[in-house]
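Chemist: Turn this into a model:
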Amino acid sequence: QVQLVESGGGLVQPGGSLRLSCAASGPTFSIAAWFRQAPGKDREPVAAIVRSGDGTDSVFSVKGRFTISRDNAKNTVHLQMDNLKPEDTAVYYCAVRHGYCVGETCYNVDSYPYWGQGTQVTVSS
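Modeler: Sure, this is the predicted structure:
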């Protein structure tokens, strides 16, 4: 059983930056992704990172201003968010799974069995 704990959310002014972290415990996983959900809206993908069998990582991002990365030594996944806008306000969730995916195939919410509790990001002046 994989357990995920997100951190790093908070209140930031438009144009600012935040770095979210997702600390994982339990079995290793090959795919990690960030999703977000604003009030009254569906959960949507933000970015994903996929580890191949040769140890290389492929990253996919829906938002060009957001960058996903992975620290294997600490079993942690990060989301660097720059030039934040009010429409980025949402609860951000980390999710992981096994297997392999490419591009949009990594963004299927229902394919992720393990989720964190979410961290609130509010972009406001």
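Chemist: can we go C-alpha only for contacts and neighbour counts from here?
Modeler: Noted.
Chemist: lowest average confidence, helix or strand, in the protein?
Modeler: For the chain, the helix or strand with the lowest mean confidence is strand 57-61, at a mean of 90 (criterion: mean pLDDT, DSSP states H and E).
Chemist: Find the helix or strand that the residue most central in space within the chain is a member of.
Modeler: With distances taken as Cα atoms, centre = their mean, the residue of the chain nearest its centroid is W34 (2.0 Å). Assigned by DSSP states H and E, W34 belongs to strand 31-37.
Chemist: Any idea how far that strand is from the middle of the chain?
Modeler: What separates the centre of strand 31-37 from the centre of its chain is 4 Å, taken as Cα atoms, centre = their mean, to the nearest Å.
Chemist: Strand 57-61 and that strand, what's the angle between them?
Modeler: 20 degrees (axes from the mean of the first three to the mean of the last three Cα atoms, to 10 degrees).
Chemist: With just CA atoms, put whatever helix or strand comes next after strand 31-37 into CSV.
Modeler: Sequence order places strand 44-51 as the next helix or strand after strand 31-37, per DSSP H and E. Taking C-alpha atoms only, strand 44-51 is exported to CSV below (Å, rounded to 0.1, in the frame of the first residue of the first chain):
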residue,chain,number,x,y,z
GLU,A,44,-8.0,17.8,-14.1
PRO,A,45,-4.4,16.7,-14.8
VAL,A,46,-1.5,19.0,-14.4
ALA,A,47,1.7,17.0,-15.0
ALA,A,48,3.0,13.4,-14.9
ILE,A,49,6.4,11.8,-14.7
VAL,A,50,7.1,8.2,-15.9
ARG,A,51,10.1,6.1,-15.1
